[in-house]
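Novice: I'd like to go over a predicted model; first the sequence, then the structure.
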Amino acid sequence: MAAECLASCNFLDVHDKIFLMKRKEQTPILAIEEAQARRKAKRSETMSAEKAQKRARIAREKKERPKMSVGKKLGVVLIIGVALLLFGMGGYRNIELGLQKADVQRQYDQKLAEKNQLEKQKAASSDPAYIEQEARDRFHMLKDGEILYVYPNNESDNSQ
């Protein structure tokens, strides 16, 4: 059928038709499943070759990597140990200073509250009513015409 189709094509010359017919005879026709299986096999071959190349490259790199001597390793460990020791002590000092700061802040807050209370008392001490009440309570002072009564159970009452 394909040969008939090729023979009937008017635009191809004789040499092209002969070439196509020979090529068709040389290439076998494959089933789809067979073509897929061949393609899959070819891919797995290339994948395994790539993996083998990658493994060989990694092994080469490991061999080429310079090895650190024991003295260098000890030097690195020593430097890291000294750094940890210094920063560790600094960290302890920071914690200690943080606790001291919290204590000083608490004392400051107490003193500030005490100062505010004293300022309120100072402002109230300039009030004439406050002065009169303090004079009566502390010094038992009386106005003219007032009498102070003292009770035996040490209670005092000011009345007219």
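Specialist: Nice, I can see it. Numbers count the residues shown, from 1 in each chain.
Novice: where's the spatially most central residue of the chain relative to residue 97, distance?
Specialist: Most central in the chain under CA atoms, centre = their mean is residue 91, positioned 19.9 Å from the mean C-alpha point. Computed as CB to CB, to the nearest Å, the residue 91 to residue 97 distance reads 11 Å. Yep, even glycine has a C-beta here, placed from its N, CA and C like the rest.
Novice: Tell me which helix or strand comes right after the lengthiest helix in the chain.
Specialist: Longest among the helix segments of the chain by residue count, using DSSP state H, is helix 70-125. Past helix 70-125, heading to the C-terminal end, the next element that is a helix or strand (DSSP states H and E) is helix 128-139.
Novice: Just want the angle from that following helix to helix 70-125.
Specialist: Helix 128-139 runs at 90 degrees relative to helix 70-125, counting by axes from the mean of the first three to the mean of the last three CA atoms, to 10 degrees.
Novice: starting at the chain centroid, how far to helix 128-139?
Specialist: 64 Å (CA atoms, centre = their mean, to the nearest Å).
Novice: Who are the packing partners of whatever helix or strand comes next after it?
Specialist: If you walk from helix 128-139 toward the C-terminus, the next helix or strand you reach (DSSP H and E) is strand 147-150. Here strand 147-150 is seen to pack against strand 156-159 when contacts are counted using 3 or more CB pairs under 8 Å, 6 or more residues apart in numbering; DSSP states H and E.
Novice: any idea of the mean pLDDT for the strand it packs on?
Specialist: The predicted model assigns strand 156-159 a mean pLDDT of 51.
Novice: what does stretch 44-56 give?
Specialist: On average, stretch 44-56 scores 80.
Novice: Tabulate the CA atom coordinates of it in CSV.
Specialist: These are the backbone C-alpha positions of stretch 44-56, laid out as CSV (Å, rounded to 0.1, in the frame of the first residue of the first chain):
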residue,chain,number,x,y,z
SER,A,44,17.6,3.0,32.4
GLU,A,45,21.0,2.3,30.8
THR,A,46,21.7,6.0,30.5
MET,A,47,20.5,6.6,34.1
SER,A,48,22.7,3.9,35.5
ALA,A,49,25.6,5.2,33.5
GLU,A,50,25.0,8.7,34.9
LYS,A,51,24.7,7.4,38.5
ALA,A,52,28.0,5.5,38.1
GLN,A,53,29.7,8.6,36.8
LYS,A,54,28.3,10.6,39.7
ARG,A,55,29.5,8.0,42.2
ALA,A,56,33.0,8.0,40.6
